[in-house]
Each structure stands twice: as structure tokens, then as C-alpha cells.
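S.K.: sharing a sequence plus its predicted fold:
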Amino acid sequence: MSNSQQDEQQALEKYLEEKAKQDQENQQQQEAESLSEYEACVLRESDKVKELIAEAQRDAGKDI
């Protein structure tokens, strides 16, 4: 194998390593964003449940 072929192979290996690293970082970022969306949804639903509980307690207090 000539020097130019070795250089090309090394450049290709370096490119593939960088590409794999970027892909992994992108995947981690997407997972974090998805988790954030999930957490936001859970918080909204939790607020709704708290409101319903408070309303039920107020209604129960009126019945007494």
C-alpha cells in the first residue's frame, strides 16, 4: 500500500470516527429533548389532577 493510500485510509477512518461521534451526540440530544417533552406532559397532567382534587375537596366541603 502506498503512502497516499494509507493517508486516504487514515483520513477515511478519522472521518468515520467523527461521524459516529456526531451521530451519538445527536441521538443523545434527541433523547434528552424527547424526555423533556415527556416531562412537560407529565407536569401538565399532574397540574390537572391537582385541580380536580382541589375541586372535589371544595365540592365535598359544600355537601357537609
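M.R.: Okay, I see it. Nothing here was measured: the structure is a model prediction, and the numbers come from that model.
S.K.: for the residue nearest in space to the middle of the chain, give its distance to Q22.
M.R.: Centroid check for the chain by C-alpha atoms, centre = their mean gives A32 as the closest residue, at 2.2 Å. Distance of A32 to Q22, computed by C-beta to C-beta, to the nearest Å: 16 Å. The way it works is simple: take the backbone N, C-alpha and C, and place the C-beta from them, glycine included.
S.K.: with E55 instead?
M.R.: 50 Å.
S.K.: in terms of pLDDT, where does K62 sit?
M.R.: Looking at K62, its pLDDT reads 75.
S.K.: which stretches of the chain form helices?
M.R.: Along the chain, the segments classed as helices by DSSP state H run 3-63.
S.K.: show me the shaky parts of it.
M.R.: Within the chain, the ranges that satisfy pLDDT under 70 run 1, 63-64.
S.K.: can you rerun that using 80?
M.R.: Where the chain drops to pLDDT under 80, the residues are 1, 32, 62-64.
S.K.: list the contacts of N26.
M.R.: By C-beta atoms under 8 Å, 6 or more residues apart in numbering, the contact set of N26 is empty.
S.K.: with E18 instead?
M.R.: Contacts of E18 (C-beta under 8 Å, 6+ apart): none.
S.K.: how far away is it from E8?
M.R.: With C-beta to C-beta as the criterion, E18 and E8 are 16 Å apart.
S.K.: for Q27, same thing?
M.R.: 28 Å.
S.K.: okay, now D59: neighbour count?
M.R.: Neighbour count of D59, defined by other C-beta atoms under 10 Å: 9.
S.K.: start the count at 885 instead of 1 going forward.
M.R.: Yep, numbering from 885; the last one is D943 now.
S.K.: what about E892, neighbour count?
M.R.: When counting by other C-beta under 10 Å, one arrives at 12 neighbours for E892.
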